[in-house]
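Visitor: Task: produce atomic coordinates for the following.
(2 chains)
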Amino acid sequence: MRRLLLLIGLATTGCSKRVPTAAELGKQVFFDQALSQPEGQACADCHAPHVAYRDPESDHTTSSGILDNHFGPRNSPSIMYARWVPDLHQDKTGAWIGGMFWDGRAASFEAQAGFPLLNPSEMNNPDKATVVASVRKAAYADGFRKLYGEDALEHVDAAFAHISNAIAEFERTPELAPFSSKYDRYLRKEVELTSAELRGLAVFEDPKKGNCASCHPPPMFTDFGYANLGIPKYGNSRYYEQGKTINPAGEAFIDHGLMVTVQDPAQDGKFRTPTLRNIGRTAPYGHNGYFENLLYMLDFLNTRDTGSKDPHVGPWAAPEVAANVEERIGHLGLTDQQVNDLDEFLQTLTDQLEKGPPPVRNPRKRTR
Amino acid sequence: MGILAMGSAILGCSPNNSGNVTAECESLSSMAAPVTPIVKGTVFTIVVENHSASQVFDPKTGATFMTKMAMKYATALGYHDSFVHPSEANYLWMVSGQNFDILDDQDPIGHHLASTSHLADQIEAAGLTWKTYQEAMGEPCGLKSHGRYAAKHNPFVFFDDINGWDGTQFQFSQRCVDHVVDYAELDQDIAANTVPDYVFITPDLDNDMHDGSIGQADRWLEREIGKIMASDAYKNGGVIFLMGDEGGGYPASDDPPFIIISDMVKKGFVSKVDYDTSSYLKTVQALLGVANLPCDPARSDVSAMDDMFAAPLTTEVAALPPG
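Guide: Below you'll find the predicted structure:
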């Protein structure tokens, strides 16, 4: 046993002669808090395993970068099952499909991996060279040389491509796509769904009720398409407080989503339909995190056009972008029982998330 | 206590991130007997969200009512959270002195806690009464977030001896139904003069500044605190803690507001002592006359917020350096 532990130790410190896989390297990069400027923020800070690889600090609806009070405009999505998101393209009908991030601005899975490293509102590296320099100093740097060649980290563009590739390969592993939810086990006939969960599944699938499956079809529970659900502006977004270099519009900022990516007004206000897998662990919801909890969002989808029956909610605020609002939702006419059943079913999409390492403590916080 | 027992007690008090803490510290009954409460009325706590003291007290864009209360009563400008985030960790800290290594906002189904080292058990063991009034919760004992109600802002529903967790699922819990109630019930309790000794109030997500504006929260607080201050529970020697749950954790200017409203405090006093959430808990315990919690990691090295009161609450006056 002791020998085994020693071998594991050697492998992880880069002293082994074994060539690591790209996924193994990518995992080390993903959890490396030395890769931000200043040091202190890893990819895993906003995509933590115990909350289905999204931001555990959900109090602010968008995630904070490594720099004080730097927030982006959008809610960090879960990256689980992202490997199945196709590259951005138009289907036969002209509808946009795939692409990474809420707005598809990274055309491919590989391309997305490097974005947060260079975003000033996230990990804040000024350029690729800074990232590569940090990786060269890492304990796992030799692993890159073993896998990608002795000069793997010598040339900045090539090195950054290796780093992005490694991250993407980690994100492709079963660790981020375990298919271990109760729903998956139900399909494998290992468990039964409760009567409430079965009723919820029926609401989910029924075109005359929830009709959720039309945009969130199994097995990935997304069609990878784009829609404007008519979600209102989130008034307390910290993005509005950003300086003019980051957000010139201040509180008047409007998130136009896919329109900016494809430069087409017909796509104004549209965002990519997320997977519903692990939806029970990925609050808040919506591109701007407007919905604090799942029942709140389900209420919106059900009553957007008619107003909530909850007296603390009442009429819904106007959409952030009034154009192109999806008409198939907002007046579903579901009863409270059906909404609760739907919630019960959606909870069955939660994977058996590993406890794994302790949650990543945010080193940006002061210590006593 | 033998060394072995002490060892297990220490281990049991260690933070853990399993979400199912089985801490075996000293039982509450083995703690020192409670003394008579210092406070004659009710100890109220009202928690607001996500805005700093500098924002709330900004003379141009801040909260008029909160600022007025701060100027009239006592304010802790040296107050900060206990450097844990997000909300849920801080709310748990307010009633237990720790966050059980919880660093996210999941509902109780994700973080039910076996620990009995919390304020509700302590209060009941001392023969006192408590309730939490949660706005927008609706049915009592809300274990699931919905609408404008957030379970993460309701610390009591995470403890298994309140929420009814039986190891497999939540069972009906009369204790929870009796003590974790919708905010509308406060009016009834005030009218019936049955307000408990300890009250924990959470406004809904719009009225606590989480999703609503400072102005909206300020208007809500003016109306509701006015109502509370007119009640016998307050007029007969009560104390109101009006506090933010957490700061962003960055510069001190991001620290949350903290005001104590009571005839017991030094009027117009501004404390700059370095206080945190454990200090708040110690102050509540001192007012209620109960001992430190058995599993509170800071049970002996944190003092109550004595400098804010006209008469010190504890015999061990805080000897903390200025913040």
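Visitor: so who does residue 182 touch?
Guide: Assuming you mean chain A. Contacts of A:Lys182 were listed using C-beta atoms under 8 Å, 6 or more residues apart in numbering or on different chains, and they are A:Val191, A:Leu193, A:Glu197, A:Thr348, A:Leu349, A:Thr350. Yep, even glycine has a C-beta here, placed from its N, CA and C like the rest.
Visitor: please go with chain B instead
Guide: B:Asp182 makes contact with B:Tyr133, B:Gln134, B:Glu135, B:Ala136, B:Met137, B:Gly138, B:Glu139, B:Pro140, according to C-beta under 8 Å, 6+ apart.
Visitor: does B:Thr45 sit in a helix, a strand or a coil?
Guide: Of the three states, B:Thr45 takes strand under DSSP: H, G, I helix; E, B strand; the rest coil.
Visitor: distance of A:Phe179 from A:Val51?
Guide: Using C-beta to C-beta, to the nearest Å, we find A:Phe179 at a distance of 18 Å from A:Val51.
Visitor: Give the residue from those two that has the larger number of neighbours.
Guide: Shown here are A:Phe179 and A:Val51; by other C-beta atoms under 10 Å in any protein chain shown, A:Val51 has more neighbours (23 against 14).
Visitor: pLDDT wise, what is that one at?
Guide: The per-residue pLDDT reported for A:Val51 equals 89.
Visitor: quick one: contacts for it?
Guide: Counting by C-beta under 8 Å, 6+ apart, the residues that A:Val51 touches are A:Ser58, A:Arg281, A:Thr282, A:Leu353, B:Asp104, B:Gln106.
Visitor: so which of the contacts of B:Asp182 comes closest to chain A?
Guide: Nearest to chain A among the contacts of B:Asp182, counting by C-beta to the nearest C-beta, is B:Ala136 at 4.0 Å.
Visitor: From what I see, the closest one and B:Asp208 are in contact.
Guide: No: B:Ala136 is beyond contact range of B:Asp208, at 10.1 Å (criterion: C-beta atoms under 8 Å).
Visitor: So between those two, which is more surrounded?
Guide: B:Asp208 (27 against 23).
Visitor: Quickly note the distance from the more buried one to chain A.
Guide: From B:Asp208 across to chain A, the span is 11 Å (C-beta to the nearest C-beta, to the nearest Å).
Visitor: list the contacts for that residue?
Guide: Counted by C-beta under 8 Å, 6+ apart, B:Asp208 has contacts B:Val47, B:Val48, B:Glu49, B:His153, B:Thr202, B:Ala217.
Visitor: Could you check how far it is from B:His51?
Guide: 10 Å.
Visitor: next one: A:Gly65
Guide: Distance, A:Gly65 to B:His51, using C-beta to C-beta: 20 Å.
Visitor: Same question for A:Thr173.
Guide: 40 Å.
Visitor: and the two? which has more neighbours close in?
Guide: When A:Thr173 is set against B:His51 and neighbours are counted by other C-beta under 10 Å, the residue ahead is B:His51, at 25 against 16.
Visitor: State the three-state secondary structure for the more buried one.
Guide: Under three-state DSSP, the three-state class of B:His51 is coil.
Visitor: list the contacts for it?
Guide: Contact partners of B:His51, counting by C-beta under 8 Å, 6+ apart, are B:Met209, B:Ile214, B:Gly244, B:Pro256, B:Pro257.
Visitor: Thought A:Asp351 was touching A:Gly280, still the case?
Guide: No: proximity of A:Gly280 to A:Asp351 does not meet the contact threshold set by C-beta under 8 Å, at 9.8 Å.
Visitor: Tell me the first helix or strand C-terminal of the lengthiest helix in chain A.
Guide: As assigned by DSSP state H, the longest helix anywhere in chain A is helix A:156-171. Note on helix A:156-171: by DSSP states H and E, the next helix or strand toward the C-terminus is helix A:182-187.
Visitor: Buried residues in the very next helix or strand once past that following helix, which are they?
Guide: Next helix or strand after helix A:182-187 toward the C-terminus (DSSP H and E): helix A:195-205. Residues A:Ala196, A:Glu197, A:Leu198, A:Arg199, A:Gly200, A:Leu201, A:Val203, A:Phe204, A:Glu205 are the ones in helix A:195-205 that count as buried (16 or more other C-beta atoms under 10 Å in any protein chain shown).
Visitor: Return the distance of helix A:195-205 from the chain's centre.
Guide: Here helix A:195-205 is found 26 Å from its chain centre; the criterion is C-alpha atoms, centre = their mean, to the nearest Å.
Visitor: ok, now stretch A:201-209?
Guide: On C-alpha atoms, centre = their mean, the centre of stretch A:201-209 falls 26 Å from that of its chain.
Visitor: So which residues make contact with it?
Guide: Taking C-beta under 8 Å, 6+ apart as the rule, stretch A:201-209 contacts A:193, A:210, A:212-214, A:216, A:332, A:334, A:338, A:341-342, A:345-346.
Visitor: just stretch A:330-347 next, same as before
Guide: Residues from elsewhere that reach stretch A:330-347, judged by C-beta under 8 Å, 6+ apart: A:183, A:193-194, A:196-201, A:203-204, A:209-212, A:230, A:276, A:279-280, A:294-295, A:298-306, A:309.
Visitor: what mean pLDDT does it have?
Guide: Per-residue scores along stretch A:330-347 average to 97.
Visitor: Repeat that for stretch A:109-125.
Guide: 91.
Visitor: distance of the most centrally placed residue in chain A from chain B?
Guide: In chain A, the residue lying closest to the centroid (C-alpha atoms, centre = their mean) is A:Pro77, at 2.1 Å. From A:Pro77 over to chain B the distance is 16 Å, taken as C-beta to the nearest C-beta.
Visitor: Thank you, goodbye.
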